[in-house]
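1. Turn this into a model:
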Amino acid sequence: MKTFNENDPLYLRAKERVKKMKGFYVHATVYVLVNLFIIAGNVQSGNALSDINIYWTAMLWGAGLLAHAVSVFVPNFFLGRNWEERKTRELMDKYQ
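-> This next block holds a predicted model:
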């Protein structure tokens, strides 16, 4: 097994990306479990599956989950490639 230098910028970036991906997977798992519980509880209390009101939580939270997925898997979608690095460099130059 290859060992990595823990101070290598590429390693640190990859490690941060894995951390963000793991956060998304945890978020998605909680989303599925909680919404299944809510929908099952509503059905158990006599609401029909065709009642749109039992899906509001899933739909609104789903929009947030989609935004989270875009931020993790399409990081250059909103601010462009390497925006954070460019902005950091710009601010460092400004404050010197």
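2. In the protein, which helix is the longest?
-> Counting residues, the longest helix in the chain under DSSP state H turns out to be helix 9-44.
3. quick one: buried residues of that helix?
-> For helix 9-44, a neighbour-count test (16 or more other C-beta atoms under 10 Å) marks His27, Tyr31, Asn35, Ile38, Ile39, Asn42 as buried. (Each C-beta comes from the backbone N, C-alpha and C, glycine too.)
4. Beyond that helix, next helix or strand please.
-> helix 56-73 (DSSP states H and E).
5. Contacts for the following helix or strand past that next one, please.
-> Sequence order places helix 83-94 as the next helix or strand after helix 56-73, per DSSP H and E. Contact partners of helix 83-94, identified using C-beta atoms under 8 Å, 6 or more residues apart in numbering, comprise Asn76.
6. Put the alpha carbons of helix 83-94 into PDB.
-> The C-alpha coordinates for helix 83-94 follow below in PDB (Å, rounded to 0.1, in the frame of the first residue of the first chain):
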ATOM      1  CA  TRP A  83     -12.500  30.400  -7.200                       C
ATOM      2  CA  GLU A  84     -11.600  29.800  -3.600                       C
ATOM      3  CA  GLU A  85      -7.900  29.700  -4.300                       C
ATOM      4  CA  ARG A  86      -8.100  32.900  -6.500                       C
ATOM      5  CA  LYS A  87     -10.100  34.800  -3.900                       C
ATOM      6  CA  THR A  88      -7.800  33.700  -1.100                       C
ATOM      7  CA  ARG A  89      -4.800  34.900  -3.100                       C
ATOM      8  CA  GLU A  90      -6.500  38.100  -4.000                       C
ATOM      9  CA  LEU A  91      -7.300  38.900  -0.400                       C
ATOM     10  CA  MET A  92      -3.800  38.000   0.700                       C
ATOM     11  CA  ASP A  93      -2.400  40.400  -1.800                       C
ATOM     12  CA  LYS A  94      -4.800  43.100  -0.700                       C
END
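7. Would you mind putting the buried residues of helix 9-44 into CSV with distance to Leu49 and pLDDT alongside?
-> Listed next are the buried residues of helix 9-44 as CSV, based on distance: C-beta to C-beta, whole Å; pLDDT from 0 to 100:
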residue, distance to Leu49, pLDDT
His27, 25, 97
Tyr31, 19, 97
Asn35, 13, 94
Ile38, 13, 90
Ile39, 8, 89
Asn42, 9, 87
